[in-house]
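Please find the sequence and the predicted model below.
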Amino acid sequence: MCQERRAVRHVLNRDCRKLTYKHPHDIVFPSTDPLRKSGFVLKRPSVNMIDTKALAAAAAKVASEKGIPPERVIEAIETAIAAAYKKEYRKRTEIIRAKLDAKTGALNFSQIKTVVDPAKVRIITENEEEAELLQPPKHRPEAEGEEEVLPRYHPDRHIFLEEARVIKSDVAIGDEVEFPLETHESFGRIAAQTAKQVILQGLRDAERASVREEFTDKEGTIVSGVIQRFERGNVYADLGRAVGVMFHTETIPGEHYQIGERLRFYVLAVQDDARRPGIVLSRSHPEFVKKLFALEVPEIAEGVVEIKGIAREAGSRTKVAVASKEEGVDPVGSAVGQRGTRVMAVTNELGNEKIDIIEWSDDPATFIGNTLSPAKAKLVETFDRREARVLVAEDQLSLAIGKGGQNVRLAAKLTGWKIDVRSQSNPETVQEGGVAASAKREPEPLSDAPSEEEKNVES
């Protein structure tokens, strides 16, 4: 018996294409093989049967676990069963549709044909089809654009209007006509594998669409997630039904993350990726600070206090300008909270990042002086092209400029003005790091007078 098994394995490896089928369940070797003379037959595995009732129950369970609407799961299963049915019993050119009753498990198949007008389709013979395929593409009428080519009529997919009205009297051009087919619940191995692949792909698409719909509404908000893994400097966080990615540029410099750590993230964008929904997260975006204050400060959430602007260098310092819409409400006190509890909660979330709360003012000079907090400005002079000079006391000079010019740099970003900080005792001397310009400055007006280069060209 062992010798016969080795002989079978050898013949199968030698030439599988020469195997022939006498019965759907039998594999018979070629007549030239010695095992054929001995009457040795290798039994083929049994065909795959579908338990439709169990399938319907499994669909409901998958829909519940994945958070997918049950009708989408049923639709994916119907598409897969129709593909398997078509591969096993019908032609490749036909359109097959399956209908699964989720309650009873009943399975029905039908062929779909579209109603067409004979005058608006091309009816070609087999000879014309061969000639058309042999014709070079550049000589085809549709490639040259000389005339509009009518769609080709295919009897497996189309039905003429007169024939369709015999079946259904009120049918119109473009409608679909269903032709019931014989019900089968057994499929071959290849067809079953095809159905499995279609079901898995359909479930992935449905789950991706469901997650995308859920997180599209959360774009621009704060979500909570657990650090899952690190990959090429990027941080992946588990958000429940989806996984978000925080790129290296969106992390807070100097902040260290640990797997399993729960953090808050700002949903920067929700992208429709072919493989998975690309949920882009951030912790360094200025809007992240704004949303955190909205969570901690009821006056901001209710719109009584408004955040007018934020200038941030993530991981180091942030300046927040606030204004009150109602008289009697202190915007700075509301944001700071009693004994600094509110601003401290935001600071702790940002990894002890320093936050300056500044009162907004419509007067540019007053607002510029406020933005240099914690330093006290003695005099603020404003000039054209959004430039300002600020004089501070000698002992406040380093505080106004900040380490590496950070304080004046953030003040320039917040106000949109170019700020020059100088000592009150020595206003003519430009301080190192005391000048900062904002990217939001208005462009310089163009002069009508010709430049020196233009004069030389003219001469």
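Right, received. Where do you want to start? It should be emphasised that the depicted structure is a prediction, and the values quoted were computed from it without experimental measurement.

three-state assignment of the most centrally placed residue in the chain?
Residue closest to the average C-alpha location in the chain (C-alpha atoms, centre = their mean): residue 271, at 2.5 Å. Under the three-state scheme (DSSP: H, G, I helix; E, B strand; the rest coil), residue 271 adopts strand.

if I read this right, it contacts residue 281, doesn't it?
No - using C-beta atoms under 8 Å, residue 271 is not in contact with residue 281; the gap is 11.9 Å. Just so you know, the C-beta spots here come from the backbone N, C-alpha and C atoms, and that holds for glycine as well.

Contact partners for residue 387?
Counting by C-beta atoms under 8 Å, 6 or more residues apart in numbering, residue 387 touches 417-418, 420.

try it again with 6 Å
residue 418 (C-beta atoms under 6 Å, 6 or more residues apart in numbering).

what ranges do the strands span in the stretch 351-459 of the chain?
In the stretch 351-459 of the chain, the strands defined using DSSP state E, counting those that start in this stretch lie at 354-359, 377-383, 387-392, 418-423, 435-436.

Show me the strands paired with the host helix or strand of residue 268, marking each as parallel or antiparallel.
Take DSSP states H and E as the rule and residue 268 turns out to sit in strand 262-272. For strand 262-272, the paired strands and their directions (DSSP bridges) read strand 222-231 (antiparallel), strand 277-282 (antiparallel).

Look up the pLDDT of residue 168 for me, please.
Looking at residue 168, its pLDDT stands at 84.

Excluding chain neighbours, what is closest to it?
residue 177 (6.5 Å; C-beta to C-beta, 6 or more residues apart in numbering).

In this structure the one you found contacts residue 163, no?
No - counting by C-beta atoms under 6 Å, residue 177 does not reach residue 163; the two are 8.9 Å apart.

between these two, which one's more packed in?
Neighbours were counted for residue 177 and for residue 163 using other C-beta atoms under 10 Å; residue 177 has more, 18 against 14.

Pull the contacting residues for the closest residue to residue 86 other than its chain neighbours.
In this structure, residue 86 finds its nearest non-sequential neighbour in residue 96, 4.3 Å apart by C-beta to C-beta, 6+ apart. Shown in contact with residue 96 (C-beta under 6 Å, 6+ apart): 82, 85-86, 90.

Tell me what angle the helix or strand encompassing residue 207 forms with strand 277-282.
Assigning secondary structure by DSSP H and E places residue 207 in helix 189-216. Between helix 189-216 and strand 277-282, the angle comes out at 30 degrees (axes from the mean of the first three to the mean of the last three C-alpha atoms, to 10 degrees).

Would you double-check that the residue nearest to residue 168 falls in a strand?
Yes - counting by three-state DSSP, residue 177 is part of a strand.

Contacts only, for it.
By C-beta under 6 Å, 6+ apart, the neighbours of residue 177 are 113, 159, 164.

Least confident of the strands paired with strand 262-272, on average?
Across the strands paired with strand 262-272, the lowest-scoring stretch is strand 277-282, with a mean of 82.

Lowest average pLDDT across the strands of the stretch 351-459 of the chain?
Looking at the strands of the stretch 351-459 of the chain, the bottom one is strand 435-436 with a mean of 84.
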